[in-house]
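**Student:** sequence and predicted model, in that order:
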Amino acid sequence: MKKRIMAMVMTIAMGTMMFAGCGTEGTSGSTDAAPKAETSEATESKTVESEATGSEEAVVSTEEAGPLLSKIKESGKLVVGTASGYPPYEFVDITSADQAVIGVDMELAQAIADELGVELEVQDMTFSALLASIPAGTVDMAIAGVSPTDERRETMDFSDSYLFADQVVIINKSDADKYKTFDDLKGATLAAEKSTTQESLVQELLPDNTLVSLDHVPECILELKNGKVDGVVVESIVGEQYILADDTLQFADAKFDRQKEAAIVINKGNEDLLEILNKVIKENQDAGNFDAWVTKYSQIVVDNAQ
């Protein structure tokens, strides 16, 4: 079983490192593109048929659209930034020929591209670089399980939240009796992904603890397996991937009394695009697709490690 979790971690880590040098230039293969929108000469809204669903959906003309939606429609391409190594949200499928980034967030990204009638381009980078890419305009939006914190809302806009999870700590089962209450976490050496709400929680609520901040969750798990940290702070949806694959790991009874939400990030001043994003999110929530996607990609991570 230990070999299994190490294989899973190394699988994710290898895929992550393969894209790490790409920065904002790395892309994954896009799926079949829907027809491009009309140019700025179009003055009326038109209706197109989505290739993914076959349904008729209203498409806003570029003259009526805000700055970001106009850019997307005119280019015929939606550029989505993400940060792989965060299953089941997004991770590199190293078993595929094109080494594509797959996961829950990539399903959502494709649904948005289909709604807009454009191609999808995915740019993979570290999470800290991803947050900087929005105000810089490097990508059109970030879909990477990003939490809509008050600090982030000052400079960026967020869609409605589409997934919710607890903030938890992964520990070795042999240490289960050590971490029963939150106070038991005081003094523990904890790891978390850089620039995340998990990192912020440790800094805010356990300021005297030693915090090891790393670029990707798989690196944090390796530190735990190698005995260099006592626990890894993650959201429960992500942590479950590692718990399922290794019976020597578990969630500590002690956890943070904060819930993690995931939302899409775009630049401010694009309310029309936000409306479309919220529409796509609601449709997929109502259809039960997010739960189905979590189950699907959780299983793929485990299967790839066997």
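**Tutor:** Looks like it arrived, so ask away.
**Student:** surely residue 82 and residue 123 touch.
**Tutor:** Yes - contact criterion CB atoms under 8 Å: residue 82 and residue 123 qualify, at 7.3 Å. C-betas here are computed from N, CA, C, even on glycine.
**Student:** more neighbours, those two?
**Tutor:** Neighbour count, other CB atoms under 10 Å: between residue 82 and residue 123, residue 82 has more, with 28 against 24.
**Student:** looking at this structure, which helix or strand is least sure?
**Tutor:** When each helix and strand of the chain is scored by mean pLDDT, DSSP states H and E, strand 46-49 comes last, with a mean of 32.
**Student:** and the chain, what are its domains?
**Tutor:** Split into domains by automatic domain parsing, the chain comes to 2-163+261-305, 164-260.
**Student:** ranking the ones you listed by mean pLDDT, which is last?
**Tutor:** Mean pLDDT values for the domains of the chain show the minimum at domain 2-163+261-305, a mean of 79.
**Student:** how far off centre is it?
**Tutor:** Put simply, domain 2-163+261-305 sits 9 Å off its chain's centre (CA atoms, centre = their mean, to the nearest Å).
**Student:** likewise for stretch 224-232?
**Tutor:** In terms of CA atoms, centre = their mean, the centre of stretch 224-232 is found 23 Å from the chain centre.
**Student:** what of stretch 164-180?
**Tutor:** Stretch 164-180 has its C-alpha centroid displaced from the chain centroid by 22 Å (CA atoms, centre = their mean).
**Student:** mind checking the end-to-end distance for it?
**Tutor:** By CA to CA, to the nearest Å, the extent of stretch 164-180 from end to end equals 23 Å.
**Student:** ok, stretch 223-230 next?
**Tutor:** End-to-end distance for stretch 223-230, by CA to CA: 9 Å.
**Student:** could you verify my assumption that residue 198 touches residue 192?
**Tutor:** Yes - shown here, residue 198 and residue 192 form a contact pair, counting by CB under 8 Å, at 4.1 Å.
**Student:** between those two, point out the one with more neighbours.
**Tutor:** residue 198 (29 against 26).
**Student:** touching, residue 278 and residue 160? I think so.
**Tutor:** Yes - Residue 278 lies in contact with residue 160 (CB under 8 Å); the separation is 4.8 Å.
**Student:** phi and psi next, for residue 102.
**Tutor:** The phi/psi pair for residue 102 (degrees, to the nearest 10) reads phi -130, psi 170.
**Student:** which one is it nearest to, not counting chain neighbours?
**Tutor:** The shortest distance from residue 102 to any non-neighbouring residue, by CB to CB, 6 or more residues apart in numbering, is to residue 93 (4.7 Å).
**Student:** quick one on the thing from earlier: mutual contacts of residue 198 and residue 192, please.
**Tutor:** Counting by CB atoms under 8 Å, 6 or more residues apart in numbering, the residues touching both residue 198 and residue 192 are 233-234.
**Student:** tell me the spacing between the nearest residue to residue 181 once chain neighbours are set aside and residue 178.
**Tutor:** Closest residue to residue 181 apart from its sequence neighbours, by CB to CB, 6+ apart: residue 254 at 5.4 Å. Residue 254 is 9 Å from residue 178, where distance means CB to CB, to the nearest Å.
**Student:** between those two, tell me which one has more neighbours.
**Tutor:** A count of neighbours by other CB under 10 Å puts residue 254 above the other of residue 254 and residue 178, at 19 against 15.
**Student:** assumed that one was part of a helix.
**Tutor:** No - assessed with DSSP: H, G, I helix; E, B strand; the rest coil, residue 254 is coil; it does not lie in a helix.
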